[in-house]
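> sequence and predicted structure are below.
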Amino acid sequence: MNSGKVIIFSAPSGAGKTTLVKYLLAQALNLEFSVSACSRKKRANEEDGKDYFFMSKESFREKIKNDEFLEWEEVYDGNYYGTLKSEIERIWAEGKHVIFDVDVVGGLNLKKYFGNKALAIYVDAPSIEILEKRLRSRETETEETIKKRIGKAVEEIKYKKDFDLVIVNDDLEEAKKEALDNVKTYLSLS
């Protein structure tokens, strides 16, 4: 694969990683979002090729068999998520750096794959209670989904020590500043 740097944002659902990634993409950092692939159903506000590459489970499994993913995993009852090699190649061919918004296991797999070409950032909520409150305020989750996501978050928190940096998203403006400063330093733009 060609060469560029990668920035990996991982966090439990509701910690604010997507908000931080969107903020960084709006800055002049020469970053491009790596669109993940998934086999779950598209939500009403999502767009294929922008939010995810939506595909059937069969199609996803076929791509696994053909070694088309950098990393992939099966999460939440048979739904697959993964990073297509072709997506990274496309971004690097454009001379840009890749920014990822992935769950914790995916983030650690990407960090392992890219080694010193990667800055892996774990976004933490101030507490599990606040995380749950944020998930509820989205009004897109069922009670069952919230319980699942909180259970997963409790497990994911154990891995934050394996990331290069932990940003506690207690105050969004502070978290944005911390993310921007660290990414600029990593990309040698400061």
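Arrived safely.
> quick one, what contacts residue 43?
residue 140 (C-beta atoms under 8 Å, 6 or more residues apart in numbering). Yep, even glycine has a C-beta here, placed from its N, CA and C like the rest.
> which of the helices and strands in the chain ranks last by mean pLDDT?
helix 128-138 (a mean of 85; mean pLDDT, DSSP states H and E).
> check which helices and strands that helix is in contact with.
With contacts taken as 3 or more C-beta pairs under 8 Å, 6 or more residues apart in numbering; DSSP states H and E, helix 128-138 sits against helix 143-156.
> adjacent strands (with direction) for the following helix or strand past the helix it packs on?
Per DSSP states H and E, the first helix or strand lying C-terminal to helix 143-156 is strand 165-168. Within its sheet, strand 165-168 is paired with strand 118-124 (parallel), according to DSSP bridges.
> what's the mean pLDDT across the strand it pairs with?
Across strand 118-124, pLDDT averages out at 96.
> what separates that strand from the chain centre, distance-wise?
Put simply, strand 118-124 sits 9 Å off its chain's centre (C-alpha atoms, centre = their mean, to the nearest Å).
> and the angle from it to helix 143-156?
120 degrees (axes from the mean of the first three to the mean of the last three C-alpha atoms, to 10 degrees).
> outside of strand 118-124, which residues touch it?
Contact with strand 118-124 is made by 5-11, 15-17, 20, 104, 107-108, 110-111, 157, 159-160, 162-169, 175, 179, 182-183, 186, as judged by C-beta under 8 Å, 6+ apart.
> which of those are buried?
5-11, 15-17, 20, 104, 107-108, 110-111, 157, 160, 163, 167-169, 175, 179, 182-183, 186 (16 or more other C-beta atoms under 10 Å).
> how about the helices of the chain, start to end?
Using DSSP state H, the helices assigned to the chain run over residues 17-25, 57-65, 85-93, 104-114, 128-138, 143-156, 172-186.
> in a markdown table, list those helices along with distance to residue 42.
Listed next are the helices of the chain as a markdown table, based on distance: least, C-beta to C-beta, whole Å:
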| stretch | distance to residue 42 |
| --- | --- |
| helix 17-25 | 16 |
| helix 57-65 | 14 |
| helix 85-93 | 18 |
| helix 104-114 | 19 |
| helix 128-138 | 17 |
| helix 143-156 | 16 |
| helix 172-186 | 27 |
